[in-house]
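Trainee: Below are the sequence and a predicted model; questions follow.
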Amino acid sequence: MKKFFALALAATMLVVPFAGCSAQTEEETKEQFVVGFDAEFPPMGFIAEDGSYTGFDLDLAAEVASRLGMEFVAQPIDWDSKDMELASGNIDCIWNGFTMTGREDAYAWTSAYMNNAQVIVVAADSGVTSLDDLNSAVFCAQRDSSGLAAIYEAGLDVLATDVVEVDTYLNAMMQLGANGVDAIVMDEIVARYEIENSDYDFIVLDQSLAPEEYGVGFALDNTELRDQVQATLEEMAADGTLARISTEWFGTDITTIGQ
């Protein structure tokens with residue numbers, strides 16, 4: 001009898017490690033969904049106080065990955081290197097307040113999930129109330145951004161003394177706070193969020209430069225994954241998940257899929 005129990009115990013000990021290895025292998029081989037984002041672009045994607053990556057777009061992407069049975073990976077990138085990151089396969093998509101307008105033919109896009117506009121941010125005590133007050137001003141925008149494109153498309157470069165390009169909009173905010181520039185051209189959603197959640201005494205001028213839409217951008221040949229993400233976003237809109245996540249970040253539902 002003792003011999004029987006010893007053999008049974010040995011068999012059990014052999015089964016348990018193999019079962020653990022099987023589960024680990026399954027987890028390790030789970031397909032990843034790698035999302036490229038600017039880690040200094042609140043509230044769409046940024047670094048939280050505890051060092052983790054967070055943001056409205058990252059919450060959406062994580063939910064999409066979960067529903068697709070994929071492992072979500074938030075991959076911070078230099079914004080002006082986003083096309084190289086996508087072409088090399090380092091990321092599966094660009095999802096971070098990514099403006100579709102003007103880039104329609106450069107990526108395989110989902111449908112737009114949010115409206116936005118390029119706006120002008122100035123110091124509250126600057127006395128500036130319209131573009132007419134910014135003659136000979138120094139404008140600032142992020143490199144390779146829709147804000148920078150809007151400066152030239154609206155002819156503000158002719159109005160300006162200089163156009164300063166920075167790597168992130170948080171640095172642009174610092175420049176404006178230190179009086180290094182006179183105005184920032186940037187995304188309205190990001191501008192209003194940052195003003196409300198920081199100590200900067202800035203205002204957004206009433207006059208916007210360019211209405212636009214946010215979408216998720218994939219490489220042109222990656223339509224299969226794009227279609228999967230699109231279908232999942234539509235599912236999330238239908239069951240109220242998009243509205244819930246939007247309300248958590250903005251106090252109301254400002255998403256546009258299914259509207």
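Mentor: Cool, got the structure.

Trainee: Strands along this structure, start to end?
Mentor: Secondary structure of the chain (DSSP state E): strands at 32-37, 40-41, 45-47, 53-54, 71-76, 93-94, 108-109, 114-123, 138-142, 162-166, 183-187, 202-204, 210-214, 217-218.

Trainee: other SSEs contacting the longest one?
Mentor: Taking 3 or more C-beta pairs under 8 Å, 6 or more residues apart in numbering; DSSP states H and E as contact, the helices and strands that strand 114-123 lies on are helix 146-153, helix 169-177, strand 183-187, helix 188-196, strand 202-204, strand 210-214. The way it works is simple: take the backbone N, C-alpha and C, and place the C-beta from them, glycine included.

Trainee: who touches it?
Mentor: Applying C-beta atoms under 8 Å, 6 or more residues apart in numbering, the external contacts of strand 114-123 come out as 97, 99, 128, 131, 134, 146-147, 150, 173, 176-177, 179, 182-189, 191, 195, 201-205, 207-214, 254-256.

Trainee: Please pick the buried ones from those.
Mentor: Among the contacts of strand 114-123, the ones that count as buried by 16 or more other C-beta atoms under 10 Å are 97, 99, 128, 131, 134, 146-147, 150, 173, 176, 182-189, 191, 195, 202-205, 209-210, 212-214, 254-255.

Trainee: dump the residue contacts of the residue nearest in space to the middle of the chain.
Mentor: Centroid check for the chain by C-alpha atoms, centre = their mean gives Asn96 as the closest residue, at 1.5 Å. By C-beta under 8 Å, 6+ apart, the residues touching Asn96 are 35-38, 41, 44-45, 55, 57.
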